[in-house]
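>>> model the following, please.
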Amino acid sequence: MIKVSFLIIGLLSLLYGAIFLITPFWFVEFSVAQETNIAWLRSIGASIVGLLFLGCLNIYMDPKGKFELLKIITITSILQTLALIYSRFFQEFSAQNLIVIDLTIVIAVLVTAYFIYIALFRKKDFD
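So this is what the prediction gives:
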């Protein structure tokens, strides 16, 4: 089950990251945001695809010996989630459709909590 969860998170990360990376203008229109953040969206999309998609896919393929990779993914996920929460709390988003931002934060919190759980309580699955 854990192995399959990495495939699911990886594929969803590919989808989400690809939207930012390839079609950031669509996300800007969808969230009713200013177009000044396009470069940042592409950069974030590349990070999501590179780290979450490829990292989770790598763990899915063979989790043995990949605990260090999981720790890097978990720490990065924690930092990204905290940054999202901070930016939302201090109203740094230009988006008018904040439900999109809030949904992103909820998903990020759930995925991060899952990574933390796996890192703390399922290390044996990576031995």
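>>> give me the number of neighbouring residues for Phe121.
9 (other C-beta atoms under 10 Å). Any C-beta I mention is one placed from the backbone N, CA and C, and that applies to glycine too.
>>> how about Ala18?
15.
>>> next up, the contacts around it.
Neighbour list for Ala18: Gly45, Val49 [criterion: C-beta atoms under 8 Å, 6 or more residues apart in numbering].
>>> got phi/psi on it?
For Ala18, the backbone dihedrals are phi -70, psi -30 (criterion: degrees, to the nearest 10).
>>> pLDDT score for it?
The model reports Ala18 with a pLDDT of 96.
>>> which SSE is Ile73 in?
Element membership for Ile73, per DSSP states H and E: helix 67-89.
>>> just want the most central residue of the chain.
What sits nearest the mean C-alpha location of the chain, by C-alpha atoms, centre = their mean, is Ile48, with 5.5 Å.
>>> got the contact list for stretch 38-56?
By C-beta under 8 Å, 6+ apart, stretch 38-56 touches 6-7, 9-11, 13-14, 16-22, 24-25, 27-28, 69, 72-73, 76-77.
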